[in-house]
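Novice: With the sequence up front, the predicted model follows.
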Amino acid sequence: MRTFFDKQFLSKYMSAKIGQFFGSLDIESKITGFLESEQVEEIIDNKLSELSARPEGMWLSMMGIDPANLKPMIKPFIVGMGADIGPTLMTNIDPMSFINVEKIRQEVDNLMVTKLQELNAGRVKKLMEDVIRKHLGWLIVWGNVFGGILGLITKGVEVATGANF
């Protein structure tokens, strides 16, 4: 396992592939979808309640503005940031900083051990037959072709020389 998945190879491979992987993610819509969720609604409500208890919230109350009434203005602003946050994250965060190559190697090793434990005699036989059948079929075909050619050559030599092989 360590031969095929050494740290340098995995690190280089993951660096090359992670850009493709993150490029295929539609992170903008995921962030926007999250910002439109009920969870974010609750967070906004909680933060506006906390604002009411702080001096800034009291200042708003003295001006006749209830912090809870700010939600219709704040929510679209926050959701609108989702389209800007996605590309910013993709350009300013190195995805490799989240990946532990040694942990990936260990997980691949665990995966292989688990998969090997699932193999039984019947499964191994089937795998071997599938591999051998493909190659053995061509061996039979080419064996017949070369055998036929050798037979024709032998018969030709026999006829030409009058020798009996």
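Specialist: Perfect, I can see it now. Nothing here was measured: the structure is a model prediction, and the numbers come from that model.
Novice: center of the chain, which residue is that?
Specialist: The centroid of the chain falls nearest to residue 21 when counting by Cα atoms, centre = their mean (6.6 Å).
Novice: Find me the pLDDT at that one, would you?
Specialist: Residue 21 carries a pLDDT value of 77.
Novice: Equivalent analysis for the one 4 residues further on, please.
Specialist: The score at residue 25 is 75. That number is its pLDDT.
Novice: returning to what we had before: measure the residue nearest to the centre of the chain to residue 75 for me?
Specialist: 31 Å (Cβ to Cβ, to the nearest Å). For glycine as for every other residue, the C-beta is placed from the backbone atoms N, C-alpha and C.
Novice: Equivalent analysis for residue 84, please.
Specialist: For residue 84, the distance to residue 75 - Cβ to Cβ - is 16 Å.
Novice: More neighbours: these two, which one.
Specialist: Neighbour totals were compared for residue 84 and residue 75, and residue 75 leads with 15 against 11 (other Cβ atoms under 10 Å).
Novice: Now name the helix or strand holding the nearest residue to that one once chain neighbours are set aside.
Specialist: Ranked by Cβ to Cβ, 6 or more residues apart in numbering and with sequence neighbours excluded, the top spatial neighbour of residue 75 is residue 44, at 6.3 Å. Element membership for residue 44, per DSSP states H and E: helix 38-53.
Novice: just how off-centre is that helix within its chain?
Specialist: 36 Å (Cα atoms, centre = their mean, to the nearest Å).
Novice: likewise stretch 17-33?
Specialist: 12 Å.
Novice: Which positions within it qualify as buried?
Specialist: Across stretch 17-33, burial judged by 16 or more other Cβ atoms under 10 Å covers 27, 28, 31, 32.
Novice: Turn those into TSV, including secondary structure and distance to residue 157.
Specialist: Below are the buried residues of stretch 17-33 laid out as TSV (DSSP: H, G, I helix; E, B strand; the rest coil; distance: Cβ to Cβ, whole Å):
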residue	secondary structure	distance to residue 157
27	helix	75
28	helix	78
31	helix	81
32	helix	82
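Novice: Now do residue 155 against residue 163, distance only.
Specialist: Residue 155 is 11 Å from residue 163, by Cβ to Cβ.
Novice: Just give me the neighbour total for residue 67.
Specialist: Neighbours around residue 67, by other Cβ under 10 Å: 20.
Novice: what residues are up against it?
Specialist: Residue 67 sits next to 48, 49, 51, 52, 57, 60, 61 when contact means Cβ atoms under 8 Å, 6 or more residues apart in numbering.
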